[in-house]
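J.: sharing a model that was predicted from the sequence below.
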Amino acid sequence: MKFATRAVHAGLDPDPTYRSVIPAIHQTSTFAQPAVGEFVEDYDYARSANPTRSALERALGELEGGLGSSFSSGMAATHALITAICSAGDHVVLPADLYGGTFRLVDKVLTRFGITYTLVDQTDLAALAAAVTEQTKLVWIETPTNPLLNVVDVRAVIDGLPGEVFVVVDNTFATPVNQRPLELGADAVVHSVTKYLGGHSDTVGGAVIVRDPAVHEQVRFIQNSIGAVPGPFDCFLVHRGLRTLHLRMAAHAANAEAVVGFLKSAPGVSEVRWPGFSGMVSFRHPDAIGIAQRTKLFTLAESLGGVESLIEVPQAMTHQSVEGSDAAVPADLVRLSCGVEAAEDLVDDLHRAIGAGA
Ligand SMILES: Cc1ncc(COP(=O)(O)O)c(C=O)c1O
């Protein structure tokens with residue numbers, strides 16, 4: 001079936017007890033056992049499994065084309081996948097332009113457990129090949145990158161790597177509407193579902209979707225052992241968000257296109273970046289902080305991917321953890337998450353904010 005149909009129906013079957021079209025939110029920590037060790041499916045304790053979470057995990061798997069697991073945040077998902085795949089002595093290749101929290105996790109936490117890493121511009125395939133060593137276990141791709149919105153050719157990266165290297169794509173910015181990395185040959189996909197998949201800025205969550213059932217078991221093992229699981233209500237919210245993902249992504253992209261059309265000739269604005277899909281736009285301006293503080297409709301806030309528009313200055317906000325590293329971002333960069341409001345209102349807001357400082 002087409003993506004739009006899958007988005008609306010993925011993971012949802014009517015409730016088996018009352019036939020409610022949307023199944024109940026199973027707000028419970030445990031499940032009554034009729035006899036010792038007897039329970040329904042794998043529902044014995046809600047850290048290990050919960051039916052509301054399972055429904056979301058099935059949906060995520062259906063949309064990305066693999067086996068899904070949900071987490072309490074995108075970072076918990078990232079942590080689970082890297083620790084499921086890598087051990088002390090293994091080497092990881094990261095993009096030189098990436099979400100600051102991913103860099104911080106590897107640089108400040110996982111290196112303490114014997115994992116090493118190299119940052120490399122993944123649009124440069126020769127540089128990427130040169131960064132791979134005998135110890136390289138995993139290549140982490142983020143595309144489009146946060147915040148510079150560079151697009152990496154996932155298939156070309158995979159074709160240039162030794163077959164045994166595990167390839168992960170952080171698909172948070174593209175979403176499965178625009179890019180399905182497992183279909184391109186990647187081994188795993190990670191999402192901050194906090195962003196477009198949830199889509200309403202009302203919950204924090206993460207997901208891992210993998211192709212291989214054995215890897216799925218490893219991820220599940222970490223999920224249960226570490227315990228960074230989302231609550232049932234958060235799972236319900238993300239699952240509800242998924243059902244309109246295709247509609248929202250089209251509206252985000254249309255608004256981003258209108259905003260880019262304005263920014264390209266706005267005074268003082270340079271390097272306008274938009275990958276041609278999704279609602280993320282970045283640009284440079286000497287008065288980046290002033291603009292971010294003057295917009296009224298674009299709320300000054302971290303995060304992205306919700307129905308409302310947000311503005312931020314990555315160097316001072318979301319990307320402080322990469323300051324001083326090779327992944328540092330320019331101080332005059334502004335990042336926009338274009339929501340689904342009327343395009344004219346978004347352009348007017350930027351026009352006022354940029355014009356007022358000129
Ligand atoms: C591309 C990307 N990956 C991962 C994350 C981490 O997700 P979370 O904030 O849900 O932990 C973020 C958060 O901004 C992100 O932008």
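T.: Great, that's in hand.
J.: what about the strands in the stretch 201-350 of the chain?
T.: Along the stretch 201-350 of the chain, the segments classed as strands by DSSP state E, counting those that start in this stretch run 206-210, 270-273, 280-284, 299-300, 310-312, 333-337.
J.: just the ones you listed: most buried one?
T.: Highest mean neighbour count of the strands of the stretch 201-350 of the chain: strand 206-210, a mean of 29 (counted as mean count of other Cβ atoms under 10 Å). Where you see a C-beta, it was placed from the backbone N, CA and C, and this is true even at glycine.
J.: pairing partners for that strand, with directions?
T.: Each strand that pairs with strand 206-210, with its direction, by DSSP bridges: strand 67-71 (antiparallel), strand 188-192 (antiparallel).
J.: coming back round to it: mind putting the strands of the stretch 201-350 of the chain into a markdown table with mean pLDDT?
T.: Formatted as a markdown table, those follow (pLDDT from 0 to 100):
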| stretch | mean pLDDT |
| --- | --- |
| strand 206-210 | 99 |
| strand 270-273 | 98 |
| strand 280-284 | 98 |
| strand 299-300 | 98 |
| strand 310-312 | 98 |
| strand 333-337 | 98 |
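J.: quick one, which of those strands is nearest to residue 349?
T.: strand 310-312 (9.1 Å; Cβ to Cβ).
J.: how many neighbours does residue 108 have?
T.: When neighbours are defined as other Cβ atoms under 10 Å, residue 108 has 10 of them.
J.: and the stretch 201-350 of the chain, which residues reach the ligand?
T.: Neighbours of the ligand within the stretch 201-350 of the chain, by Cβ under 6 Å from any ligand atom: 204, 206.
J.: the same query, at a cut-off of 8 Å, please.
T.: Residues of the stretch 201-350 of the chain found near the ligand (Cβ under 8 Å from any ligand atom) are 204-206, 302-304, 318.
J.: any chance of JSON lines for those, columns distance to residue 65?
T.: JSON lines is the format used below for these (distance: Cβ to Cβ, whole Å):
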{"residue": "204", "distance to residue 65": "25"}
{"residue": "205", "distance to residue 65": "20"}
{"residue": "206", "distance to residue 65": "18"}
{"residue": "302", "distance to residue 65": "30"}
{"residue": "303", "distance to residue 65": "27"}
{"residue": "304", "distance to residue 65": "24"}
{"residue": "318", "distance to residue 65": "29"}
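J.: what is the nearest of these to residue 23?
T.: Nearest to residue 23, judged by Cβ to Cβ, of those is residue 205 at 18.1 Å.
J.: for that closest one, which residues are in contact?
T.: For residue 205, the contact set (Cβ atoms under 8 Å, 6 or more residues apart in numbering) comprises 70-74, 192-194, 198, 230, 234-235, 238.
J.: who touches residue 322 in this structure?
T.: Residue 322 touches 98, 100, 103-104, 328-329, counting by Cβ under 8 Å, 6+ apart.
J.: could I get the strands of the stretch 201-350 of the chain as TSV with distance to residue 224?
T.: As requested, the strands of the stretch 201-350 of the chain are arranged in TSV below (distance: least, Cβ to Cβ, whole Å):
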stretch	distance to residue 224
strand 206-210	13
strand 270-273	40
strand 280-284	34
strand 299-300	37
strand 310-312	34
strand 333-337	33
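J.: of the strands paired with strand 206-210, which stretch is the most buried?
T.: Among the strands paired with strand 206-210, ranked by average contacts under mean count of other Cβ under 10 Å, first place goes to strand 188-192 (a mean of 30).
J.: surely residue 75 and residue 105 touch.
T.: Yes - applying Cβ atoms under 8 Å, one finds residue 75 in contact with residue 105, separated by 6.2 Å.
J.: more neighbours: those two, which one.
T.: residue 75 (21 against 18).
J.: please list all residues in contact with the residue nearest to that one when sequence neighbours are not counted.
T.: Among residues not flanking residue 75 along the chain, residue 101 sits closest, at 5.4 Å (Cβ to Cβ, 6 or more residues apart in numbering). By Cβ under 8 Å, 6+ apart, the contact set of residue 101 is 74-75, 78, 321.
J.: could I get those residues in CSV, plus columns for pLDDT, secondary structure and distance to residue 222?
T.: Shown next, in CSV, are the contacts of residue 101 (pLDDT from 0 to 100; DSSP: H, G, I helix; E, B strand; the rest coil; distance: Cβ to Cβ, whole Å):
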residue, pLDDT, secondary structure, distance to residue 222
74, 98, helix, 15
75, 98, helix, 13
78, 98, helix, 11
321, 88, helix, 23
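J.: now the two most distant members of these.
T.: 74 and 321 (14.3 Å).
J.: the two - which one has more neighbours?
T.: residue 74 (25 against 17).
J.: contacting residues around that one?
T.: Here residue 74 is in contact with 101, 172, 190-195, 204-206 (Cβ under 8 Å, 6+ apart).
J.: redo those residues as CSV? Include distance to residue 357.
T.: Formatted as CSV, the contacts of residue 74 follow (distance: Cβ to Cβ, whole Å):
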residue, distance to residue 357
101, 30
172, 31
190, 37
191, 36
192, 31
193, 35
194, 31
195, 29
204, 33
205, 37
206, 37
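J.: of all these, which comes closest to residue 217?
T.: residue 190 (17.4 Å).
J.: looking at the chain, which residue is nearest the ligand?
T.: residue 74 (2.2 Å; Cβ to the nearest ligand atom).
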